[in-house]
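Chemist: Below are the sequence and a predicted model for it; my questions follow.
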Amino acid sequence: MSSVGGWSETFSATPEVQGIVDKVKPQLEEKDNKPYPVLVAITYKTQVVAGTNYLIKVSVSNSTDECVHLKVFQSLPHEKKGPSLTSYETGKTKNDPLKPF
């Protein structure tokens with residue numbers, strides 16, 4: 001885990017992180033105005049705030065190394081809210097470092 005306010009190191013994606021990606025997929029498709037048939041979480045970082053921010057590197061193709069970086073906010077459990085896509089960056093590859101944006 002990360003210290004409060006700072007970003008954690010980069011971790012390999014877990015089923016929990018993939019679940020977050022699956023939940024924000026409709027938000028990404030609406031904001032970017034295009035479908036994403038493939039969204040596979042690769043790596044992620046976390047930042048503890050009043051909830052948790054996630055930076056997630058997501059593969060968007062089975063045949064290329066094209067990726068999208070997602071910034072997702074997950075509120076505290078007692079708020080009973082799903083994850084929210086706060087921003088994203090397209091045009092990334094699997095080699096691009098995952099860094100705050």
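Modeler: Ah, there it is. Small disclaimer: the values here were computed from a predicted structure and weren't measured.
Chemist: ok, the spatially most central residue of the chain to His78 distance?
Modeler: Residue closest to the average C-alpha location in the chain (C-alpha atoms, centre = their mean): Ile56, at 3.1 Å. With the distance defined as C-beta to C-beta, to the nearest Å, Ile56 ends up 23 Å from His78. (C-beta placed from N, C-alpha, C; glycine too.)
Chemist: So the residue nearest to the centre of the chain lies in a strand, does it not?
Modeler: Yes - assessed with DSSP: H, G, I helix; E, B strand; the rest coil, Ile56 lies in a strand.
Chemist: mind listing what it touches?
Modeler: 13, 17, 20-21, 41, 43-44, 69-72, 98 (C-beta atoms under 8 Å, 6 or more residues apart in numbering).
Chemist: State the phi and psi torsions of the residue lying farthest from the centre of the chain.
Modeler: Distance from the centre of the chain peaks at His78, with 21.6 Å (C-alpha atoms, centre = their mean). Main-chain torsions, His78, degrees, to the nearest 10: phi -70, psi -20.
Chemist: ends of stretch 28-41, how far apart?
Modeler: End-to-end distance of stretch 28-41 (C-alpha to C-alpha, to the nearest Å): 14 Å.
Chemist: Centre of the chain to that stretch, how far?
Modeler: On the basis of C-alpha atoms, centre = their mean, to the nearest Å, stretch 28-41 sits 12 Å off its chain's mean C-alpha point.
Chemist: What lies in contact with it?
Modeler: With C-beta under 8 Å, 6+ apart as the test, stretch 28-41 has contacts from 13, 17-18, 20-22, 25, 56-62, 68, 70, 85, 88, 90.
Chemist: Among the residues you listed, which are located in strands?
Modeler: Using DSSP state E, the members of the contacts of stretch 28-41 that fall within strands are 56-59, 68, 70, 85, 88, 90.
Chemist: For those, which ChimeraX command selects only the ones that are buried?
Modeler: Only the buried members of those end up in this ChimeraX selection, burial being decided by 16 or more other C-beta atoms under 10 Å:
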select :56,57,58,59,68,70,85,88
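Chemist: and the two most separated of the ones in strands among the contacts of stretch 28-41?
Modeler: Using C-beta to C-beta, the ones in strands among the contacts of stretch 28-41 reach their maximum pairwise distance at Ser59 and Leu85, which is 16.7 Å.
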